[in-house]
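**Student:** predicted model and sequence below, questions to follow.
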Amino acid sequence: MTIVGNTLALLLVLSVLVVVHEFGHYAVAKAFRFPVEVFSFGFGKRLFGKKWKGTDYRVSAIPLGGYVRVIGLGPDESTVAEGSSTEAAPVGKRWQRALILLAGPFMNLLLAWLLHTAVFALGVRVPAYEREAPVVKVVEKGSAGEAAGFQPGDRILSIAGKETPRWRDVHFTFGMNARETLAVRIERGGRTQTLDVTPHAVTKYDLGDSGLLPDFGTSVRPRIAMVVSKSPAEAAGLKKGDVILSIAGKEIQGAPDEIFTTFVSAVASAAPGPFPLVYRRGEATATASVVPRKEGDSWRIGIQPVPDLPEVIERFPLGQAFAEGWRRVKTDFRMTLSILGRLFRGRASIRSMSGPLDIAKFSGEAARTGAVPLVALMAAISLQLGIFNLLPIPVLDGGHLFLLTLEGAVRRDFSLRVKERILQLGFLMIVALLVVVLYNDLAKNIPANWWPF
């Protein structure tokens with residue numbers, strides 16, 4: 001059911017984002033009174049629709065996004081009319097075609113802003129510490145922060161020249177800069193100084209970790225962030241969000257960096273089970289009988305435990321929500337460009353990219369959590385979709401814009417044959433990128449012992 005749910009969530013997210021993107025192309029083309037032959041929801045064979053004022057508004061067989069066909073926009077199938085083999089003359093002026101191409105990514109950016117605004121207006125749960133001033137209380141042993149010389153009591157003022165008034169800003173900046181040496185300005189004993197820190201790459205998404213933390217105390221309990229399908233935990237009725245209180249009578253609590261070790265040790269001590277696991281779900285407390293499964297030398301129950309930290313609801317009046325939404329768009333925009341730049345320079349791992357499997361998993365988890373997390377995820381993906389489409393790769397909007405720029409520079413339109421060759425090159429580049437991203441997705445999401453024999 002998880003796979004089906006994730007797939008449906010993926011189709012919903014991508015369909016909405018792609019249709020909004022294509023509506024941008026459509027709206028500007030219509031504003032210029034250019035011939036828009038097709039506006040399709042989905043790809044492939046036409047199922048049904050209605051022709052109105054020269055445009056076929058249709059629903060097609062493959063419900064994964066959609067497309068708009070503007071005759072003469074080229075250099076793809078839009079160069080010819082549907083059912084024709086004759087090349088149409090380029091429509092309008094180059095600047096008009098450029099605006100049509102830019103309108104799609106612009107709509108993705110606008111949608112991201114509106115969705116983030118909705119999230120901030122409705123309210124989103126965030127860890128309470130994220131809103132606090134970044135005063136270091138814990139420097140983990142062996143961490144990048146320890147190597148850089150951080151001490152408890154240091155207040156982080158800025159990272160790489162950017163002010164960091166909250167822990168959220170600190171963790172975000174470190175997280176997006178694994179293996180990058182960053183100049184961190186701190187206040188220690190009333191004086192300021194600068195320390196150079198290189199965040200370690202952690203997790204399968206290659207996120208940066210400094211090992212610098214606020215004081216969470218020593219009474220933190222583990223919360224279930226994920227339940228593996230067909231696992232002992234699922235069989236026992238445990239769900240995402242449950243807070244584990246004890247295992248076989250042993251209290252499970254401690255500092256955040258101790259929680260995982262404490263949990264694993266308790267499961268191993270109680271194996272082979274069955275053992276009672278006391279958990280809290282909402283305001284109610286319950287007990288599950290769990291039979292762990294041995295995998296290699298370890299006993300597992302099939303969950304991902306994370307520290308259960310205090311949360312607050314971050315909500316703003318509508319006017320301020322617009323401002324916060326725009327601030328988030330700008331932050332995510334800079335972050336995406338930074339990651340792309342580091343990827344092209346070989347300074348970031350391909351593991352930081354997410355493909356269809358990751359997006360499906362994130363979409364499914366967000367949908368199961370609630371409407372607000374799903375809207376927040378759609379906002380993030382919408383922005384990245386818009387940026388990706390602006391890359392100067394033939395087939396993408398950015399590739400078409402690059403071609404228009406070249407034609408403007410030489411002051412003539414290239415022949416259909418030249419455009420087709422450029423398009424073929426772009427198609428091969430996209431296929432190669434998809435293969436790499438899909439392989440990366442499989443490597444991150446399929447267990448090493450998945451083969452049943």
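**Tutor:** Thanks, I have it.
**Student:** and the helices in the protein?
**Tutor:** 2-31, 94-122, 144-148, 167-175, 232-235, 256-270, 318-344, 356-369, 371-389, 397-410, 416-445 (DSSP state H).
**Student:** for Asp242, which of those is the nearest?
**Tutor:** When those are compared by CB to CB, helix 232-235 sits nearest Asp242, at 9.1 Å. Bear in mind the C-beta positions are built from the backbone N, C-alpha and C, glycine included.
**Student:** mind splitting this structure into its structural domains?
**Tutor:** Listed domain ranges for the chain are 1-123+315-398, 126-216, 222-308 (source: automatic domain parsing).
**Student:** what's the least confident stretch among those domains?
**Tutor:** Mean pLDDT is lowest for domain 1-123+315-398 among the domains of the chain, at a mean of 81.
**Student:** who's in contact with the nearest residue to Thr262 once chain neighbours are set aside?
**Tutor:** Once flanking residues are discounted, Thr262 sits nearest to Gly254: 5.3 Å by CB to CB, 6 or more residues apart in numbering. Gly254 is in contact with Thr218, Ser219, Val220, Thr262, counting by CB atoms under 8 Å, 6 or more residues apart in numbering.
**Student:** among those residues, which two are most distant?
**Tutor:** So, those by CB to CB: farthest apart are Ser219 and Thr262, at 12.1 Å.
**Student:** pick out whichever of these two has more residues nearby.
**Tutor:** Using other CB atoms under 10 Å, the more surrounded residue of Ser219 and Thr262 is Thr262, with 20 against 9.
**Student:** look up how far Ala409 lies from Val220.
**Tutor:** Val220 sits 60 Å away from Ala409, going by CB to CB, to the nearest Å.
**Student:** just Thr181 next, same as before
**Tutor:** 39 Å.
**Student:** more neighbours: which of those two?
**Tutor:** The neighbour comparison of Thr181 against Ala409 (other CB under 10 Å) goes to Thr181, with 12 against 8.
**Student:** list the contacts for the more buried one?
**Tutor:** Asp196, Val197, Thr198.
**Student:** ok, now Pro305?
**Tutor:** Applying CB under 8 Å, 6+ apart, the residues contacting Pro305 are Pro222, Arg223, Ile224, Ala225, Ile244, Ile259, Phe260, Phe263.
**Student:** about what we covered before: reformat the domains of the chain as CSV; add distance to Met429.
**Tutor:** What follows is those, written out as CSV (distance: least, CB to CB, whole Å):
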stretch, distance to Met429
domain 1-123+315-398, 5
domain 126-216, 23
domain 222-308, 34
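**Student:** tell me which of the ones you listed sits nearest to Leu425.
**Tutor:** domain 1-123+315-398 (5.9 Å).
**Student:** to Glu420, which of the domains of the chain lies closest?
**Tutor:** domain 1-123+315-398 (7.2 Å).
**Student:** and Arg327, how far is that from Met378?
**Tutor:** 18 Å.
**Student:** again with Val70
**Tutor:** From Val70 across to Met378, the span is 26 Å (CB to CB).
**Student:** what do you get for Ala233?
**Tutor:** Going from Ala233 to Met378 by CB to CB gives 29 Å.
**Student:** list the contacts for Pro152?
**Tutor:** Val136, Lys137, Val138, Val139.
**Student:** spatially nearest residue to Glu311 (excluding sequence neighbours)?
**Tutor:** Arg125 (4.7 Å).
**Student:** that older thread, between Ser219 and Thr262, what contacts are shared?
**Tutor:** Joint contacts of Ser219 and Thr262 (CB under 8 Å, 6+ apart) are Gln253, Gly254.
**Student:** still on that earlier bit, can you put the helices of the chain in a markdown table and add distance to Gly190?
**Tutor:** Below are the helices of the chain laid out as a markdown table (distance: least, CB to CB, whole Å):
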| stretch | distance to Gly190 |
| --- | --- |
| helix 2-31 | 50 |
| helix 94-122 | 36 |
| helix 144-148 | 20 |
| helix 167-175 | 21 |
| helix 232-235 | 50 |
| helix 256-270 | 29 |
| helix 318-344 | 31 |
| helix 356-369 | 44 |
| helix 371-389 | 39 |
| helix 397-410 | 50 |
| helix 416-445 | 46 |
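**Student:** what is the neighbour count of Asp209?
**Tutor:** Other residues close to Asp209 by other CB under 10 Å number 18.
**Student:** so what sits opposite the nearest residue to it once chain neighbours are set aside in the bridge?
**Tutor:** Leaving aside its chain neighbours, Asp209 sits nearest to Val202 (4.4 Å; criterion: CB to CB, 6+ apart). In this entry, Val202 is beta-bridged to Leu207, by DSSP bridges.
**Student:** tally of neighbours for Val202?
**Tutor:** Val202 has 13 nearby residues by other CB under 10 Å.
**Student:** next one: it from Gln304, what distance?
**Tutor:** 14 Å.
**Student:** now Arg315
**Tutor:** Between Arg315 and Gln304 the distance is 28 Å, computed by CB to CB.
**Student:** cool, and Glu130?
**Tutor:** 20 Å.
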